[in-house]
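Undergrad: I'll drop the sequence and a predicted model, then ask my questions.
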Amino acid sequence: MNSAEWAGIDWIGCGWLLLLAFTAAVLIVAVLRKPCRHLFGTERAFQLWLLPPLAMLASQLPHAAAVPIVVLSPMVFAITSAAAALPVQVAGSGAIDWRTWVALLWLLGSMVSLSLATLAQWRYRMRLRDATSVVGTPSRWPVLRASGPDVGPALIGAWRSRIVLPADFECRYDATEQMLILAHETIHARRRDGWWCLLAQLGVAVFWFHPLAWWAYAALRHDQELACDAAVLRQYGEQRRSYANAMLKTRSAVLALPVGCTWSPRHPLTERIAMLKLPSPNRRRREAGMIVGFALAIVVAGSVYAASAPQGALASQKVQGPEYQLDMQVELATDDGHKRHAQTVAMALCVAPGKAAKASVGGMMVQAITMPADDGQVRIDLAVADHGASPLAHRQLHGALGQTLHATGTGVDGKQTYAIDVTPQAGCPARAMAEASPVKVTEHVTNSTTRAVAESIAAKAGWTLINPDALGNAPVKLSFNDMPAGTALQRVADLAGMKLVLDGKRVHFTPK
């Protein structure tokens with residue numbers, strides 16, 4: 001299984017990071033938008049809305065200092081023994097269904113939100129079927145005159161934007177007001193505000209369940225209009241009264257326009273008119289606002305990026321301590337509908353604190369991260385997945401050194417189940433056994449006993465077994481492929497429930 005498949009084990013974690021980054025950024029905008037508006041002007045305040053997409057992007061960036069995967073092929077040992085069908089406890093099988101239902105519910109809400117927005121956009125465009133082109137305007141964007149007085153002024157669309165004027169445009173507004181309205185909609189088009197509206201609509205579709213997303217959508221559209229007003233008044237500051245009169249003469253928009261900007265009292269008109277009374281900030285204040293906004297963007301993006309680092313990656317930089325060995329016994333059972341097959345796989349993983357170690361076990365992949373805890377205990381983050389990257393378990397085990405911890409689960413198809421016993425211990429005795437002899441063992445035993453296999457391995461390594469009777473004569477089926485002799489003998493002892501003690505060339509076995 002590659003790293004991309006492992007990343008898919010906890011896909012819901014990516015969405016959770018997006019949600020937290022979005023929420024934090026919107027709250028920052030909510031706090032700063034009004035102070036920024038008075039200090040640096042409404043145009044700089046509107047640029048604060050760059051923070052939410054920037055924060056969400058930062059939360060998904062890969063971390064160069066991610067948890068290193070420690071490949072310990074000499075330290076990963078597996079012995080498979082034939083066994084009868086083993087009763088395996090099924091636990092945690094509801095995780096897949098739970099995540100699936102959450103994904104389906106989220107997808108349904110997003111589709112409904114996008115469908116409603118598409119319908120509203122379509123209804124608005126249908127009112128422009130009989131619109132006619134207006135020639136002779138100073139705008140380089142196409143200008144349409146609607147067939148009715150209740151459509152426009154507005155900018156419609158993100159790409160191929162068009163300015164829409166009401167049918168009674170020349171009758172309702174005087175020449176100065178007409179010029180100001182066209183300047184307003186032209187600035188919307190020049191600033192690509194249609195794309196901002198589209199991005200905001202997509203944000204609402206993604207976070208449709210989040211009340212803050214709907215508030216952010218309305219606040220962004222309001223700040224967008226205030227910023228456009230400010231940009232117009234920087235050019236035509238002496239026409240503030242005419243600008244306010246044009247606002248008061250504009251009818252309330254009958255239809256919503258998701259992707260586009262309608263200049264109508266749907267926005268808080270009193271606040272817009274009140275902002276017209278404030279003097280425009282000078283160039284120095286606007287430049288200061290740009291510098292502050294740039295610095296704020298760096299701080300927010302950097303903070304989100306640092307906060308989204310995997311816990312193990314951060315801990316691995318701080319944790320210093322002894323090496324750990326995880327003795328694992330994995331029971332795999334498969335039910336093909338006719339017969340239940342089971343096997344037991346034993347392995348030992350040697351890993352430093354905070355580092356990840358993984359190994360392939362039958363049709364599954366097991367990954368473990370071990371961290372020291374209080375009172376001499378350890379915390380083990382255990383992840384199990386099948387070859388289809390379907391998460392079977394992602395849980396945290398906590399216990400003392402030498403204590404056997406348990407984890408159980410089932411595959412997504414319900415046919416394969418597993419039970420894992422994990423016993424952590426300080427140091428790495430398995431490495432010492434692996435280095436005790438340079439002899440490598442390649443042996444495939446189909447009909448033998450634990451004692452006979454141990455004697456065969458000891459003979460190849462030049463060791464003397466003091467009490468081989470302690471291993472018993474249980475029948476086993478073993479397979480070693482270029483495995484260090486000490487490693488192979490240790491696994492045989494584990495299979496027999498004994499502890500191997502090596503004293504020079506003399507080997508004896510004691511109960512665990």
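TA: That came in fine, so what should we check first? Residues are numbered from 1 along each chain as shown.
Undergrad: Once you drop chain neighbours, what's closest to residue 443?
TA: residue 480 (4.8 Å; CB to CB, 6 or more residues apart in numbering). Glycine gets a C-beta too; all of them are placed from N, C-alpha and C.
Undergrad: and what of residue 445?
TA: residue 478 (4.4 Å).
Undergrad: pLDDT score assigned to the one you found?
TA: On the pLDDT scale, residue 478 is placed at 73.
Undergrad: How much space separates residue 407 from residue 423?
TA: For residue 407, the distance to residue 423 (CB to CB, to the nearest Å) stands at 12 Å.
Undergrad: picking that back up, where does the residue nearest to residue 443 fall, helix, sheet strand or coil?
TA: Per DSSP: H, G, I helix; E, B strand; the rest coil, the local secondary structure of residue 480 is strand.
Undergrad: Could you measure from it over to residue 163?
TA: For residue 480, the distance to residue 163 - CB to CB - is 78 Å.
Undergrad: Of these two, give the one with the bigger neighbour count.
TA: Comparing residue 480 with residue 163 by other CB atoms under 10 Å, the one with more neighbours is residue 163, at 25 against 22.
Undergrad: my read is that one is in a strand, agree?
TA: Yes. Counting by three-state DSSP, residue 163 is located in a strand.
Undergrad: surely it meets residue 187?
TA: No. Applying CB atoms under 8 Å, one finds residue 163 not in contact with residue 187, separated by 10.8 Å.
Undergrad: what about residue 407 and residue 423, which has more around it?
TA: Using other CB under 10 Å, the more surrounded residue of residue 407 and residue 423 is residue 407, with 22 against 17.
Undergrad: who does the residue lying closest to that one once chain neighbours are set aside bridge with?
TA: In this structure, residue 407 finds its nearest non-sequential neighbour in residue 420, 4.6 Å apart by CB to CB, 6+ apart. Counting by DSSP bridges, residue 420 forms beta bridges with residue 330, residue 407.
Undergrad: Count the neighbours of residue 420 for me.
TA: 23.
Undergrad: One more: residue 146?
TA: 22.
Undergrad: Select the longest helix from the chain.
TA: helix 94-126 (DSSP state H).
Undergrad: Off-centre distance for that one?
TA: Distance of helix 94-126 from its chain centroid, counting by CA atoms, centre = their mean, to the nearest Å, is 20 Å.
Undergrad: next helix or strand past that helix?
TA: Of the helices and strands lying after helix 94-126 in sequence (DSSP states H and E), the nearest is strand 132-133.
Undergrad: What strands line up against the next helix or strand along the chain from that following strand, and which way round?
TA: Next helix or strand after strand 132-133 toward the C-terminus (DSSP H and E): strand 143-145. Applying DSSP bridges, strand 143-145 is found paired with strand 132-133 (antiparallel), strand 162-165 (parallel).
Undergrad: Determine how far the longest one lies from the middle of the whole chain.
TA: What that stands for is strand 162-165. 41 Å.
Undergrad: go on, stretch 222-236?
TA: The answer for stretch 222-236 is 37 Å, by CA atoms, centre = their mean.
Undergrad: Flag every buried residue along that stretch.
TA: Using 16 or more other CB atoms under 10 Å as the test for burial, stretch 222-236 gives 222-233.
Undergrad: which residues are in contact with it?
TA: Residues from elsewhere that reach stretch 222-236 (CB atoms under 8 Å, 6 or more residues apart in numbering): 33, 37, 41-43, 45-46, 48-49, 179-180, 183-184, 187-188, 191, 193, 196-197, 239-240, 243, 261, 263, 267-268, 271-272, 275-276, 280.
Undergrad: for the residue nearest to residue 443, what are its contacts?
TA: Counted by CB under 8 Å, 6+ apart, residue 480 has contacts 441-444, 488.
Undergrad: among those residues, which are in helices?
TA: residue 488.
Undergrad: Among the contacts of residue 480, which pair sits farthest apart?
TA: 444 and 488 (12.1 Å; CB to CB).
Undergrad: When the two are compared, which one has more neighbours?
TA: residue 488 (29 against 9).
Undergrad: contacting residues around the more buried one?
TA: With contact set as CB under 8 Å, 6+ apart, residue 488 has these partners: 77, 441, 443, 457, 480.
Undergrad: just curious, which of those is nearest to residue 508?
TA: residue 457 (14.6 Å).
Undergrad: quick revisit: can you select the buried ones among the contacts of stretch 222-236 for me in PyMOL?
TA: Buried members of the contacts of stretch 222-236, defined by 16+ other CB under 10 Å, are picked up in PyMOL with:
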select buried, resi 33+37+41+42+43+45+46+48+49+179+180+183+184+187+188+191+193+196+197+239+240+243+261+263+267+272+275+276+280
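Undergrad: Which of the contacts of stretch 222-236 fall within strands?
TA: residue 261 (DSSP state E).
Undergrad: For the contacts of residue 488, which single residue is the most surrounded?
TA: Among those, the one with the most neighbours (other CB under 10 Å) is residue 457, at 27 neighbours.
Undergrad: how far does the helix or strand that residue falls within sit from the chain's center?
TA: Under the criterion of DSSP H and E, residue 457 resides in helix 450-461. Centre-to-centre, helix 450-461 and its host chain are 50 Å apart (CA atoms, centre = their mean).
Undergrad: Who are the packing partners of it?
TA: Packing partners of helix 450-461 (3 or more CB pairs under 8 Å, 6 or more residues apart in numbering; DSSP states H and E): strand 440-449, strand 464-465, strand 475-484, helix 485-495.
Undergrad: so of those, which one's packed in deepest?
TA: helix 485-495 (a mean of 25; mean count of other CB atoms under 10 Å).
Undergrad: For stretch 123-143, list every residue counted as buried.
TA: 124-125, 127-128, 131, 134, 137, 141, 143.
Undergrad: should've said stretch 209-221
TA: Buried, per 16+ other CB under 10 Å, within stretch 209-221: 210, 213, 216-217, 219-221.
Undergrad: list the contacts for the nearest residue to residue 456 once chain neighbours are set aside?
TA: The shortest distance from residue 456 to any non-neighbouring residue, by CB to CB, 6+ apart, is to residue 443 (7.0 Å). Counting by CB under 8 Å, 6+ apart, residue 443 touches 453, 456-457, 478-480, 488.
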